[in-house]
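Asker: The sequence and its predicted three-dimensional model are supplied below.
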Amino acid sequence: MPPIIPDIVPDHFPAGTTVKFTRSLGDFSPADGWTYAIFLNGLTQKFNKAATILNNIFQIEFLPADTAALNPGPFRYAERLTNSILGQVYDISGDLLVINIEPNVASAAAGVFNTFEERTLAIVEAAISGRLTSDIQAYQIAGRSVSKIPIAELRTIRGELRAAIWRQNNPGQLGVPYRVAFELVTESPDYPPTWQDVTGLGR
């Protein structure tokens, strides 16, 4: 079964992968002479792609070769609609129209997909165990070199990082669930005799 092709611009995708989407824009029908192209503009790179037309709908496909060289990060995009018959050009643009290009997992360097907390935890663990290498001795946490932070404080930081990573990996949960079992009391407990028990009154 082929994948469903959405009628919306994707907000993220990995570089070097196939991306397909359609655009149905009621006021800009291909039957009326409109063409479509999408323009992506990043910090140091830009990219654009024109649509083909199928059944009066704009069809857009990014080939792996189109995006393989794009650096991961946010790219602002605009959708340009052109009608050469009318001599008109319109852009659908805005500050919120952003596509986040993700690293290509096949070619990315090790550690690219680790969060800041995961990377920092590995360095804190190395500092606690005395395995800091020369290339990470100058790593800073809150403006201080990790090699200068006392072990007791590093242990506290380690606990905070572990908790943060757990929340990242378990969204919507407050903490690690534990199963608790309570022993059932099968016999009546021995309470001290009441005033009625001693005197026999009030019965």
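Answerer: Done, it's in.

Asker: and the longest helix seen in the chain, what's its mean pLDDT?
Answerer: Counting residues, the longest helix in the chain under DSSP state H turns out to be helix 151-169. Average pLDDT, helix 151-169: 88.

Asker: same question, stretch 192-200
Answerer: 67.

Asker: Okay, strands next: where are they in the chain?
Answerer: Applying DSSP state E to the chain gives strands spanning 12-14, 19-23, 34-41, 46-50, 52-54, 57-62, 73-83, 88-92, 98-102, 140-141, 144-145.

Asker: ok, residues contacting the longest helix of the chain?
Answerer: 115, 117-118, 120-121, 124-125, 127-128, 141, 146, 149, 173, 175-176 (Cβ atoms under 8 Å, 6 or more residues apart in numbering). In short, each C-beta sits where N, CA and C put it, glycine included.

Asker: before we move on, back to that, need the strands of the chain in CSV (columns: mean pLDDT and mean neighbour count).
Answerer: Shown next, in CSV, are the strands of the chain (pLDDT from 0 to 100; neighbours: other Cβ atoms under 10 Å):
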stretch, mean pLDDT, mean neighbour count
strand 12-14, 94, 15
strand 19-23, 96, 18
strand 34-41, 96, 18
strand 46-50, 96, 14
strand 52-54, 95, 12
strand 57-62, 96, 19
strand 73-83, 95, 17
strand 88-92, 95, 13
strand 98-102, 93, 18
strand 140-141, 82, 15
strand 144-145, 84, 12
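
Asker: Next, format the ones you listed as CSV and append distance to Arg167.
Answerer: As requested, the strands of the chain are exported to CSV (distance: least, Cβ to Cβ, whole Å):
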stretch, distance to Arg167
strand 12-14, 21
strand 19-23, 31
strand 34-41, 32
strand 46-50, 35
strand 52-54, 44
strand 57-62, 34
strand 73-83, 24
strand 88-92, 37
strand 98-102, 21
strand 140-141, 19
strand 144-145, 24
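
Asker: out of the ones you listed, nearest to Pro6?
Answerer: Relative to Pro6, the nearest member of those by Cβ to Cβ is strand 19-23, separated by 5.3 Å.

Asker: Does anything pack onto the closest one? Which helices or strands?
Answerer: Other elements packing on strand 19-23 under the criterion 3 or more Cβ pairs under 8 Å, 6 or more residues apart in numbering; DSSP states H and E are strand 57-62.

Asker: now do 10 Å
Answerer: strand 12-14, strand 34-41, strand 57-62, helix 64-67 (3 or more Cβ pairs under 10 Å, 6 or more residues apart in numbering; DSSP states H and E).

Asker: Ok, which of those comes nearest Pro192?
Answerer: The nearest among those, by Cβ to Cβ, is strand 12-14 at 69.8 Å.

Asker: and for that closest one, what are the contacting residues?
Answerer: 19, 21, 62, 64, 67-68, 72, 74, 98-106, 108 (Cβ atoms under 10 Å, 6 or more residues apart in numbering).

Asker: roughly how far is that strand from the heart of the chain?
Answerer: 11 Å (Cα atoms, centre = their mean, to the nearest Å).
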